[in-house]
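Participant: Please work out how this folds:
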Amino acid sequence: MTSIGLFQIFLFFLVLLALTKPLGIYMARVFEGGRTWMHPVVRPVERLIYRLSAVDENAEQHWTHYAGSLLAFSLVGILLTYLIQRFQGMLPFNPQQFGGKLISPDLAFNTAVSFGTNTNWQAYTPETTVSYFTQMVGLAVHNFTSAAAGIATAMALVRGFARRSAQTLGNFWVDLTRATLYVLIPLSIVGALLLVWQGTIQNMDAYTKAATVEGATQTIAQGPVASQEAIKMIGTNGGGFFNANSAHPYENPTPFANFLQVVFIFVIPAGLTYTFGKMVKDTRQGWALFAAMSILFLAGVFVVYPAEQSGNPILSKMGLESQASDIQPGGNMEGKEVRFGIPASALFAVVTTDASCGAVNSMHDSYTPLGGMVPMINIQLGEVVFGGVGAGLYGMLMYAILAVFLAGLMVGRTPEYLGKKIEQKEVKMAMLAMLVLAASILLFSAGGVVAHFAKNAWINPPGPTTNNLTNNGPHGLSEILYAYTSGTGNNGSAFGGLSPNTPYFNTTIGFAMLIGRFLMMIPLLAAAGSLAAKKQVPVSAGTFPTHGTLFVAWLVGVILIVGALTFFPALSLGPIVEHFLMHDGKLFSFLLMGFWS
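Facilitator: The predicted structure is shown next:
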């Protein structure tokens, strides 16, 4: 590791820390219905939306109605996006004349579900497949609405802890509207202007034809990139305007633009921890969650960065220089952009998989085994290390419920969290949400690995039978595992060595995304409804403090233990085996593969 690399990482963390409190205070005011500095401009628009949609902003919903509104809104949005893709050839803003036939029914299903669930998994090449209209109306709109739905769900769970003897959790339509108007749109406008300043393009031009030095003709894609790039990061969506995503110079042109993008990814999830503390009237609780997230984040960074900086040991044995010097960055530069280097690439890889973002500025498939394992583990933990907008907070609160329950069992006392007794229903709902994610990843991955047709048939578009895996052995296993981990975790990034645009992968990954989104949200909304109805228990000498160092350490330990028990034995073996093969650990690798088999 270099001093400049370490400086980049700690500067990022300090900027994030500085933004957490002010943004958290602002969002608490927004979702508690207080007045903010945005009211003179936004409040009239908000009222108009309620009037046009016949929403009574003062009418609150029981958790079942809240969940029903969430499902109805999401599923209608998915259907509309499916239709936009299939009929894009008949719609405007299509200078390249991309037709609906470019998008098969299974690919349209996968993409609609992907953007509707805040996953943004892309099994297609955007700049050669979808029109500007599809990008803006079908996909970018989902970047706002799916992010707002996640924030709304988090606010419902927070109200479950904050309220006493209540039967309602707020109003989904009001939370959705306020998250969009007061939080996502203003931040995205600022973010887009900053990116345009750095060189990210924003136009509606037809693609440019250019002559290369050799005399050949090159097509250079254009489009409204900056506006989609900003919400892609701020809403932790991740779907790129170009296939290369944030490695593309039109999306991410400079090192400073890259720094802005990683800040964009974490800023709302970090701010929501302070919002949580403000709304439950104890900001120490929010800082405790922030501390637990930070520990896991920094641990991931300081595994990936050294692993990538140390480079490939096989190449070192061949006499190739792999140490950083004045004339080369050293380490493993495969799949990384020279303008970012190893530190910014490693930081980006950890941030984007800690959050449910999925944007990439380097190819995870080219990382060293340990460097590639950390992003996979980040997603398998439930994307709770800051996580997606809203999703990270309610995922971390799920673990907090489990942590206080286990602590209560150890001391023989009914567990409490924020003055609410954690009883059978809350624990069951938390465990259901957790186990559903593990089951989805394990079962779909098993099918993808074992089934012959998953790898060798159902080719889309039609063509000769080929193998969709570019690597065999442990790395091929990792490619499939990562795909279903990313889909279920609503992350959207990929190792990149798997060609998933087949009916089998499009369909199964689509269902994995639906499971990972809604079968986590609904149980937690049920837990929120149960918590809101409870009275607050006074603090006593036997109450386990949930704002100090002990709780933070316990929470981190529970997250890692639960992750180890549910995911790591099966899903991390691919990268681990690769690591030991690269370091000549043949006997150990053989034993691991035998255990996995």
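
Participant: Residue nearest the middle of this protein, spatially speaking?
Facilitator: residue 356 (0.6 Å; C-alpha atoms, centre = their mean).

Participant: For that one, what is the enclosing helix or strand?
Facilitator: Taking DSSP states H and E as the definition, residue 356 sits outside all helices and strands.

Participant: could you measure it against residue 150, distance?
Facilitator: From residue 356 over to residue 150 the distance is 8 Å, taken as C-beta to C-beta, to the nearest Å. Where C-beta positions appear, they are placed from N, C-alpha and C, glycine not excepted.

Participant: so what's in contact with those two at the same time?
Facilitator: Taking C-beta atoms under 8 Å, 6 or more residues apart in numbering as the criterion, residue 356 and residue 150 both touch 118, 388, 391.

Participant: Only the buried subset of the residues you listed, as a PyMOL command please.
Facilitator: Of the shared contacts of residue 356 and residue 150, the buried ones go into a single PyMOL selection, burial set by 16 or more other C-beta atoms under 10 Å:
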select buried, resi 118+388+391
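
Participant: will you turn the shared contacts of residue 356 and residue 150 into JSON lines that also has pLDDT, distance to residue 379 and secondary structure?
Facilitator: Shown next, in JSON lines, are the shared contacts of residue 356 and residue 150 (pLDDT from 0 to 100; distance: C-beta to C-beta, whole Å; DSSP: H, G, I helix; E, B strand; the rest coil):
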{"residue": "118", "pLDDT": "90", "distance to residue 379": "13", "secondary structure": "coil"}
{"residue": "388", "pLDDT": "86", "distance to residue 379": "11", "secondary structure": "coil"}
{"residue": "391", "pLDDT": "87", "distance to residue 379": "12", "secondary structure": "helix"}
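
Participant: Closest to residue 298 out of the shared contacts of residue 356 and residue 150?
Facilitator: Nearest to residue 298 among those: residue 388, at 19.4 Å, using C-beta to C-beta.

Participant: Go ahead and confirm that closest one touches residue 353.
Facilitator: No: contact between residue 388 and residue 353 fails when scored by C-beta atoms under 8 Å: they sit 11.0 Å apart.

Participant: From the contact counts, what lies against the helix or strand where residue 447 lies?
Facilitator: Per DSSP H and E, residue 447 falls inside helix 424-450. In terms of contacts (3 or more C-beta pairs under 8 Å, 6 or more residues apart in numbering; DSSP states H and E), helix 424-450 is packed against helix 391-411, helix 452-456, helix 473-488, helix 503-532, helix 549-566, helix 568-571.

Participant: Pick the most deeply packed of those.
Facilitator: Ranked by mean neighbour count, those are led by helix 473-488 with a mean of 26 (mean count of other C-beta atoms under 10 Å).

Participant: Which elements pack onto that one?
Facilitator: Packing contacts for helix 473-488, counted by 3+ C-beta pairs under 8 Å, 6+ apart, involve helix 369-380, helix 424-450, helix 503-532, helix 573-582.

Participant: what's the angle from it to helix 424-450?
Facilitator: Relative orientation of helix 473-488 versus helix 424-450 (axes from the mean of the first three to the mean of the last three C-alpha atoms, to 10 degrees): 140 degrees.

Participant: For residue 251, see how far away the residue nearest to residue 195 when sequence neighbours are not counted is.
Facilitator: Spatial nearest neighbour of residue 195, excluding adjacent residues (C-beta to C-beta, 6 or more residues apart in numbering): residue 226 at 4.6 Å. Residue 226 sits 9 Å away from residue 251, going by C-beta to C-beta.

Participant: Could you give me the buried positions within the helix holding residue 447?
Facilitator: So, applying 16+ other C-beta under 10 Å, buried residues of helix 424-450: 426-427, 429-434, 436-438, 440-442, 444-445, 448-449.

Participant: contacting residues around the residue nearest to the centre of the chain?
Facilitator: Counting by C-beta under 8 Å, 6+ apart, residue 356 has contacts 118-119, 236, 238, 379, 383, 387-388, 391-392, 489-492.

Participant: and the gap between it and residue 265?
Facilitator: Residue 356 sits 10 Å away from residue 265, going by C-beta to C-beta.

Participant: Find residues that contact each of the two.
Facilitator: Common contact partners of residue 356 and residue 265 (C-beta under 8 Å, 6+ apart): residue 236.

Participant: which non-adjacent residue is nearest residue 522?
Facilitator: residue 67 is the one closest to residue 522 (C-beta to C-beta, 6+ apart), at 5.2 Å.

Participant: Pull out the buried residues from the host helix or strand of that neighbour.
Facilitator: Taking DSSP H and E as the criterion, the element that holds residue 67 is helix 63-86. Neighbour-count burial for helix 63-86 flags 63, 66-67, 69-70, 73-74, 77-78, 80-82, 84-86 (criterion: 16+ other C-beta under 10 Å).

Participant: between those, which is closest to residue 211?
Facilitator: residue 85 (33.2 Å).

Participant: Quick one: residues contacting the closest one.
Facilitator: By C-beta under 8 Å, 6+ apart, the contact set of residue 85 is 100, 103, 108, 111-112, 130, 134, 138.

Participant: swap the cut-off to 10 Å and go again
Facilitator: 91, 100, 102-105, 107-109, 111-112, 124, 129-131, 134, 138-139 (C-beta atoms under 10 Å, 6 or more residues apart in numbering).

Participant: Perfect, that will be all.
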